[in-house]
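Novice: Quick one, fold the following:
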Amino acid sequence: MALVVVCLGQLMMVVDMTIVNVALPVIQRDLQFSQADLTWVVGAYLISYGSFLLLAGRLGDLLGRKRVFLAGTAIFTVASLACGIADSQLALIAARFAQGFGGAIATSVILALIATDFPRPDQRVKAMGAYMFVVTSGGSLGLLLGGALVESVDWHWIFTVNVPIGIAVLALGARLIEDRPGLGLRSGIDVAGSILMTTSAMTAVYAIITAAEHGWGSAHTLGWLGAAAILGVSFLVLQSRIKNPILPLRILRVRSLIGASVVRGFLVTGMFGTWVMGSLYVEHVLGYGAWATGLAFLPMTLIVGALSLGTTARVMGLLGPARTVIVGLLIVVGALTLLSTVGADTAYFPTLFFAFGLMGLGMGTAMLPLMTIAMSDVRPEDAGLGSGIINVSMQLAGALGIAVLGTLASDRSSELTNSGQSALEALTGGYTLAFEVAAGAVIVGIVIALVALRVPPREREPVPGSEVAVEV
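Specialist: As a prediction, the model looks like this:
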């Protein structure tokens with residue numbers, strides 16, 4: 001039951017990342033946002049969420065993961081209510097920042113909770129399967145739920161729907177999640193390192209999400225990226241010289257964790273490319289409404305759900321986690337390649353149906369073994385930090401992927417419009433270029449996986465009833 005609780009909390013927060021996208025046009029009209037200011041409805045959440053993941057993950061190791069998870073869920077729930085009753089631009093943006101803060105605190109320790117609650121390999125794989133279903137299907141569910149709420153009720157409900165769910169997670173989590181003590185703060189806490197780590201991440205995410213507005217080569221973007229790099233280097237130097245670092249540098253030498261996190265980052269670029277560019281394509285080019293857009297992604301969600309019931313685990317048992325990752329990534333490349341062939345009048349069947357279905361098949365195949373590999377060699381006392389690193393890789397890759405793909409699509413559409421093509425053809429040309437670039441990013445992920453995930457095989461004592469080989 002504890003697994004159900006943490007997965008429900010994760011689902012609430014993953015859904016929130018995409019549910020807002022469907023409601024942005026309505027929010028813009030209601031609160032009279034300019035186009036530039038509207039981006040901060042999403043940007044405030046991304047900056048806050050991406051900035052606090054690592055720090056929150058380490059605090060989970062130190063203070064206790066149950067305590068940190070419940071605190072983050074409480075903040076997220078209250079912030080969701082604040083978003084739902086917001087009647088001004090400033091109130092909504094501030095509440096979204098608080099939402100991201102709470103979401104980062106809660107989600108940063110979920111993988112660590114799963115890893116420590118399910119120590120046996122067969123149990124852990126099944127638990128990870130449930131978690132990966134939530135992560136990979138939540139984006140599609142957010143589009144579907146957002147469309148339904150916006151068209152049938154009001155945009156405020158996309159936020160207030162979180163309140164009863166959050167209360168349920170808090171009530172059940174307090175009773176069902178095992179309360180394991182953290183390492184404690186006997187040696188104090190690395191305040192300077194915490195500040196440097198958070199400001200470095202915040203600066204980097206801010207630079208990425210504003211790059212589309214200012215240009216990647218602008219003084220604004222390069223200046224903020226440079227500041228993030230300086231802060232990041234200063235942080236690493238500090239961590240190497242103090243006795244109680246917030247980020248023990250030994251974690252960066254865990255090859256399986258770092259390799260799987262990098263590969264996952266490239267995969268997330270393909271995932272977000274499909275969610276964001278795919279939804280824009282079916283809405284702006286094909287003319288789908290919010291509800292129809294959510295339904296269009298249903299094959300992806302259903303296939304991910306079916307794979308999480310044990311199919312991916314059995315494939316891992318046959319091929320091993322690393323090979324299963326490669327198979328999943330190749331399928332994702334196939335899905336993005338198919339999406340890159342769409343035109344201004346492409347029908348949903350068969351092209352989009354099969355493309356979204358293939359994306360679900362690839363995501364559902366690759367994500368679980370990536371998580372298994374990532375956490376396989378992380379020390380129990382570093383599990384929260386490892387979980388934070390994995391989540392940061394997803395967040396930064398998602399923000400960077402959306403920014404780069406959005407910029408490329410916009411520039412390409414402008415070029416095609418200037419060359420005399422119709423508005424729909426120009427939009428389509430921009431989106432197909434984005435799909436091609438996303439496919440290229442996943443191919444880079446495949447190359448890295450072939451190198452970084454090829455760790456020496458290790459013989460381990462098989463666990464009775466295990467369905468999955470533990471060789472990584």
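Novice: and the closest residue to residue 322 other than its chain neighbours, how many residues sit next to it?
Specialist: In space, and not counting its chain neighbours, residue 322 is closest to residue 453: 4.3 Å by CB to CB, 6 or more residues apart in numbering. Where you see a C-beta, it was placed from the backbone N, CA and C, and this is true even at glycine. The burial count assigned to residue 453 is 24, neighbours taken as other CB atoms under 10 Å.
Novice: doesn't residue 258 make contact with residue 453?
Specialist: No. Here residue 453 does not reach residue 258: they are 10.7 Å apart, not a contact under CB atoms under 8 Å.
Novice: Just the CA trace of stretch 269-286, in PDB.
Specialist: Coordinates of each C-alpha in stretch 269-286 appear next as PDB, following Å, rounded to 0.1, in the frame of the first residue of the first chain:
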ATOM      1  CA  THR A 269      13.900  15.000 -25.100                       C
ATOM      2  CA  GLY A 270      12.100  12.600 -27.400                       C
ATOM      3  CA  MET A 271       9.200  12.100 -24.900                       C
ATOM      4  CA  PHE A 272       8.700  15.900 -24.400                       C
ATOM      5  CA  GLY A 273       9.100  16.500 -28.100                       C
ATOM      6  CA  THR A 274       6.200  14.100 -28.700                       C
ATOM      7  CA  TRP A 275       4.000  15.500 -25.900                       C
ATOM      8  CA  VAL A 276       4.600  19.200 -26.600                       C
ATOM      9  CA  MET A 277       5.200  19.300 -30.400                       C
ATOM     10  CA  GLY A 278       2.700  16.500 -31.000                       C
ATOM     11  CA  SER A 279       0.000  18.300 -29.000                       C
ATOM     12  CA  LEU A 280       0.700  21.600 -30.800                       C
ATOM     13  CA  TYR A 281       0.600  19.800 -34.200                       C
ATOM     14  CA  VAL A 282      -2.800  18.200 -33.600                       C
ATOM     15  CA  GLU A 283      -4.300  21.400 -32.100                       C
ATOM     16  CA  HIS A 284      -2.900  24.100 -34.400                       C
ATOM     17  CA  VAL A 285      -2.600  22.200 -37.700                       C
ATOM     18  CA  LEU A 286      -5.300  19.500 -37.500                       C
END
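Novice: And it, what's buried?
Specialist: Judged by neighbour count using 16 or more other CB atoms under 10 Å, the buried positions of stretch 269-286 are 269-283, 285-286.
Novice: same check, this time on stretch 358-378
Specialist: Judged by neighbour count using 16+ other CB under 10 Å, the buried positions of stretch 358-378 are 358-376, 378.
Novice: In helices, which of these appear?
Specialist: Secondary-structure check on those using DSSP state H: residues within helices are 358-376.
Novice: How about the secondary structure of residue 76?
Specialist: Following DSSP: H, G, I helix; E, B strand; the rest coil, residue 76 is assigned to helix.
Novice: Counting neighbours, what do you get for it?
Specialist: The tally of other residues near residue 76 (other CB under 10 Å) stands at 27.
Novice: and it, what is it in contact with?
Specialist: Contacts for residue 76 (CB atoms under 8 Å, 6 or more residues apart in numbering) come out as 12, 13, 99, 102, 103, 105, 106, 162, 166.
Novice: Kindly state the pLDDT recorded for it?
Specialist: According to the predicted model, the pLDDT of residue 76 comes to 98.
Novice: Now do the residue nearest to it when sequence neighbours are not counted against residue 173, distance only.
Specialist: What sits nearest to residue 76 in space, not counting adjacent residues and going by CB to CB, 6+ apart, is residue 102, at 3.3 Å. Per CB to CB, to the nearest Å, residue 102 is found 14 Å from residue 173.
Novice: Equivalent analysis for residue 205, please.
Specialist: Following CB to CB, the distance that separates residue 205 from residue 173 is 28 Å.
Novice: which of the two has more neighbours?
Specialist: The neighbour count for residue 205 versus residue 173, taken as other CB under 10 Å, is higher for residue 205 (26 against 21).
Novice: Now the more buried one: which helix or strand?
Specialist: According to DSSP states H and E, residue 205 maps onto helix 191-214.
Novice: Show me what that helix is packed up against.
Specialist: Using 3 or more CB pairs under 8 Å, 6 or more residues apart in numbering; DSSP states H and E, the elements in contact with helix 191-214 are helix 35-63, helix 219-239, helix 383-418.
Novice: What helices and strands are in contact with the last one?
Specialist: Counting by 3+ CB pairs under 8 Å, 6+ apart, the packing neighbours recorded for helix 383-418 are helix 35-63, helix 65-85, helix 110-117, helix 191-214, helix 255-272, helix 353-376, helix 423-452.
Novice: Nearest to residue 243, out of the ones you listed?
Specialist: Shortest distance between residue 243 and the helices and strands packed on helix 383-418, using CB to CB, is found for helix 191-214: 11.5 Å.
Novice: and the closest one, how far from the chain's centre?
Specialist: When C-alpha coordinates are averaged (CA atoms, centre = their mean, to the nearest Å), helix 191-214 and its chain have centres 17 Å apart.
Novice: immediately after the lowest-mean-pLDDT helix or strand in the chain, which helix or strand?
Specialist: Comparing helices and strands within the chain by mean pLDDT, DSSP states H and E singles out helix 121-152 as the least confident, with a mean of 82. With elements assigned by DSSP H and E, the helix or strand that comes after helix 121-152 is helix 157-160.
Novice: how about that following helix: buried residues?
Specialist: Of the residues in helix 157-160, those with enough neighbours to count as buried (16+ other CB under 10 Å) are 157, 158, 159, 160.
Novice: Pick the one among those closest to residue 332.
Specialist: Looking at the buried residues of helix 157-160 and their distance to residue 332, the nearest is residue 158, at 28.1 Å (CB to CB).
Novice: ok, that closest one touching residue 17?
Specialist: No. Taking contact to mean CB under 8 Å, the distance of 11.6 Å between residue 158 and residue 17 leaves them out of contact.
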